[in-house]
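**Student:** Here is a sequence together with a model predicted from it:
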Amino acid sequence: MKKKMDVWTAIAKTMASEGVRYIFGYPGAGRFYHHGDATPPELSLVLCRDESAASFMAMGYAMATGKLGVCYGTRGPGVANMVPGILEAEAACVPLIAIGSSVGETGRGMGAFQEVDQISLLKSITKWTERINQPIRVPWVLRRAVCIALSGRPGPVYIDIPVDIGEAESEMPEYQPLPYSYPLRSTGSPEDVCAAADLLIQSRKPTLVAGGGTLLSKAFDEVQELAELLSIPVMTTPSGRGILAEDHPLAFGQVGLYFCEIGEELYRNSDLLLIIGSQNEDFQTLQHSCFPEGAKYIQVDIDPHEIGKNWVPDVPIVGDAKLVLGDLMRSVREKIGKRAPNAGEDRKNRMKELQEAKQSFENRINHECLEDTSIPIKTKRVIKELNEVFGKDTILVNENGSQDLWSYYFPYYKVLDRNCNIAPGEQTCMGFGVAAAIGVKLARPEMKVVCTTGDGAFQMHMKELATSAQYNAPVTYVVLNNSCAGWGKDKRLSPVLDFKVSPDYKKIAEANQCYGATVKDPSEIKEALERALKANAEGKTAVIDFDVGNDPDDWEFAPAFSELQALEHSRIDLFKQRIYRD
């Protein structure tokens, strides 16, 4: 059955039929936002203050729900402004549909206003790009876009709509969603699963590393059950954080740049790594320098191109994390039923020692943070008190600066519920978390949402405070303010990286109908966070500006950060030696 409508109306109706509840964007050429009366009642159009923020909000929505995120930008600069979010979605494997208007077909190539080859611009950072050049193709293009974005290794797609095509009315074929749910799943070969089970049973010191693929697969039960079955400590990448609540006895924090002391020790002493759904990038592997000496390696990934990209596995398994782990547990149970695992007692003793060391470590961290009364405030104390005040039912949204890096570190912050951490991908675009937090709150309004951010990243998207107020999406921003671009700051670069003029974040919050406060004394941290929670409960976004000092001598960098800096400096020194020698 066909109905007469324009392309924009058809897209809105299609997105609603696929379960999309929000489209984030900014209007311009094309009528996408201009005729709300044609928008299905279950679909809301969120008017952002910037297209890059729209793409990050769509990411946050998708990451919080596992569903499609959708964003929109107008031709030329509008589409170009979405590039950072699309790039980050590609890095983080987030299912995103980006829709852009473009110059009309009749004027293409003739110097039309805001003309640019948007297909070429986005082709290298998307799974698929397609221009709708005939209205009759709308149902097919959108069905393909949904399938491609959600299937296999998820990622962004881009749909380009010329303004004259978008506004033309025609007899439109009725959209028919595919008669099955996403993601489409496949499991690993029985031979590989069997070989992996043998290695797991024989291992005396295994460690399970859960990457973002475990969250995308919703393998929550499977990761926990396998870990408990074989007494395997669980670590994660930033994208995999939240697969297991971090107050679980088997949770030991994150890997690579995000190692905590106890986690790094057990990781480096492992005799087997089971890494699931991770791309093993620089930050997760300390630039591929931290593989345990002599250890065996099982790699599970849905994307065959990721297998062996950096570290070469002893057993590679290509398949969906949830299905593979289910098969792996069945194989392990069958083998254990036939013979006792060689390493059973060794593992029990190991876990007892690890639990005792972990408790001692956590006690030391609690004392270290909460007894620190120094001024400027130490970031780690802010993060620790944030965790205690906000507690369970909280989604943490990360940035990735020199100070908010502390929020990645267990046990300074523990993610206490499944699927309650939203971290950027390896691109770590500044401002991602500030904008994404709003999409997260719209996706899961029943949860508390807090974003830890440096002042540099916050300035990039603090204009979206107005969006959070307008759409009743109250979140808390913990601004760790060192009045500089802190990631690269050292004594030589201080004058270059300092913000000689810094905004008054309290006043900016108030100007956008939000709650604002400034904190300089550690004795005020808890009360300020409690006021932020109260403001959120009353429907107001809160901005708490914590002064952590401008002098690097006053800072304490997160534990593994110094190790990564040392690696970087050694590579720079080697590069200089080669230049001078040549």
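**Tutor:** On my side now, so go ahead. Numbers count the residues shown, from 1 in each chain.

**Student:** Could you use CA atoms for every contact and neighbour count after this?
**Tutor:** Fine.

**Student:** distance between stretch 92-104 and the chain's centre?
**Tutor:** 18 Å (C-alpha atoms, centre = their mean, to the nearest Å).

**Student:** Can you list phi and psi of residue 151 for me?
**Tutor:** phi -90, psi 160 (degrees, to the nearest 10).

**Student:** all strands of the stretch 351-500 of the chain, in order?
**Tutor:** Secondary structure of the stretch 351-500 of the chain (DSSP state E, counting those that start in this stretch): strands located at 394-398, 421-422, 448-454, 476-481.

**Student:** Identify the neighbouring strands of the second one in the sheet and state each direction.
**Tutor:** If I follow you right, that is strand 421-422. Sheet pairing for strand 421-422, assigned by DSSP bridges, gives strand 394-398 (parallel).

**Student:** and if you look at the third one?
**Tutor:** In the sheet, strand 448-454 lines up against strand 394-398 (parallel), strand 476-481 (parallel) (DSSP bridges).

**Student:** quick check: mean pLDDT across stretch 550-570?
**Tutor:** The average pLDDT for stretch 550-570 rounds to 68.

**Student:** elements contacting the longest helix seen in the chain?
**Tutor:** For the chain, the longest helix by residue count, based on DSSP state H, is helix 344-370. Here helix 344-370 touches helix 261-268, helix 379-390, going by 3 or more C-alpha pairs under 8 Å, 6 or more residues apart in numbering; DSSP states H and E.

**Student:** Pick the most buried one from those helices.
**Tutor:** Mean neighbour count, computed with mean count of other C-alpha atoms under 10 Å, is highest for helix 379-390 among the helices and strands packed on helix 344-370, reaching a mean of 21.

**Student:** Go ahead and confirm residue 236 touches residue 215.
**Tutor:** No: in this structure residue 236 lies outside contact range of residue 215 using C-alpha atoms under 8 Å: 10.7 Å.

**Student:** Who has more neighbours out of the two?
**Tutor:** Legend: neighbour count by other C-alpha atoms under 10 Å for residue 236 and residue 215, higher for residue 236 (28 against 23).

**Student:** For that one, what are phi and psi?
**Tutor:** Here residue 236 shows phi and psi, under degrees, to the nearest 10, equal to phi -140, psi 170.

**Student:** Sketch out the low-pLDDT regions of the protein for me.
**Tutor:** 1, 29-38, 104-105, 107, 110, 113, 338-344, 488-494, 558-582 (pLDDT under 70).

**Student:** Would you state the helices of the stretch 151-300 of the chain in chain order?
**Tutor:** Here the stretch 151-300 of the chain has its helices, by DSSP state H, counting those that start in this stretch, at 163-167, 190-202, 212-216, 220-230, 261-268, 282-285.

**Student:** of the ones you listed, which approaches residue 95 most closely?
**Tutor:** Counting by C-alpha to C-alpha, residue 95 lies closest to helix 212-216 out of these; the figure is 9.7 Å.

**Student:** elements contacting that closest one?
**Tutor:** helix 321-338.

**Student:** List the buried residues for the helix it packs on?
**Tutor:** Residues of helix 321-338 classed as buried: 321-332, 335 (neighbour count, 16 or more other C-alpha atoms under 10 Å).

**Student:** if we can go back for a sec, in TSV, list the strands of the stretch 351-500 of the chain along with distance to residue 429 and mean neighbour count.
**Tutor:** Shown next, in TSV, are the strands of the stretch 351-500 of the chain (distance: least, C-alpha to C-alpha, whole Å; neighbours: other C-alpha atoms under 10 Å):
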stretch	distance to residue 429	mean neighbour count
strand 394-398	11	26
strand 421-422	13	26
strand 448-454	12	28
strand 476-481	17	26
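
**Student:** JSON lines for the ones you listed, including distance to residue 276?
**Tutor:** Below are these laid out as JSON lines (distance: least, C-alpha to C-alpha, whole Å):
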{"stretch": "strand 394-398", "distance to residue 276": "22"}
{"stretch": "strand 421-422", "distance to residue 276": "18"}
{"stretch": "strand 448-454", "distance to residue 276": "27"}
{"stretch": "strand 476-481", "distance to residue 276": "32"}
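
**Student:** Quick check: which of the helices of the stretch 151-300 of the chain is buried the most?
**Tutor:** helix 212-216 (a mean of 26).

**Student:** Any chance you could list what contacts it?
**Tutor:** For helix 212-216, the surrounding residues in contact (C-alpha atoms under 8 Å, 6 or more residues apart in numbering) are 66, 92, 220, 237-243, 276-278, 301-302, 321-322, 419.

**Student:** I'd assumed residue 375 was in contact with residue 523.
**Tutor:** No: with contact defined as C-alpha under 8 Å, residue 523 does not reach residue 375; the gap is 10.3 Å.

**Student:** quick revisit: of the helices of the stretch 151-300 of the chain, which approaches residue 527 most closely?
**Tutor:** Closest among the helices of the stretch 151-300 of the chain, using C-alpha to C-alpha: helix 261-268, at 30.0 Å.

**Student:** which helices and strands sit right next to the closest one?
**Tutor:** Counting by 3+ C-alpha pairs under 8 Å, 6+ apart, helix 261-268 packs on strand 251-254, helix 344-370.

**Student:** Dump it to PDB, keeping only the CA atoms.
**Tutor:** Extracted in PDB, the C-alpha atoms of helix 261-268 (Å, rounded to 0.1, in the frame of the first residue of the first chain):
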ATOM      1  CA  GLU A 261      47.700  -1.200  41.600                       C
ATOM      2  CA  ILE A 262      46.000  -4.500  42.500                       C
ATOM      3  CA  GLY A 263      44.600  -5.000  39.000                       C
ATOM      4  CA  GLU A 264      47.900  -4.400  37.200                       C
ATOM      5  CA  GLU A 265      49.700  -6.900  39.500                       C
ATOM      6  CA  LEU A 266      47.200  -9.700  38.900                       C
ATOM      7  CA  TYR A 267      47.100  -8.900  35.100                       C
ATOM      8  CA  ARG A 268      50.900  -9.000  34.700                       C
END
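
**Student:** What is the distance between it and the centre of its chain?
**Tutor:** Worked out by C-alpha atoms, centre = their mean, helix 261-268 lies 24 Å from the chain centre.

**Student:** what residues does it touch?
**Tutor:** 207, 235, 252-255, 290-293, 354, 357-358, 361, 559.

**Student:** Which pair in those residues has the greatest spatial separation?
**Tutor:** Maximum distance among the contacts of helix 261-268 (C-alpha to C-alpha): 24.6 Å, for 293 and 361.

**Student:** Neighbour count: the two, which is higher?
**Tutor:** residue 361 (15 against 11).

**Student:** hmm, back to that, and the angle for the longest helix of the chain with helix 220-230?
**Tutor:** 120 degrees (axes from the mean of the first three to the mean of the last three C-alpha atoms, to 10 degrees).

**Student:** And helix 344-370, what's buried?
**Tutor:** In helix 344-370, counting by 16+ other C-alpha under 10 Å, buried: 344, 347, 350, 351, 354, 355, 358, 365, 369.

**Student:** now do stretch 56-76
**Tutor:** Counting neighbours by 16+ other C-alpha under 10 Å, stretch 56-76 gives 56-64, 66-76 as buried.
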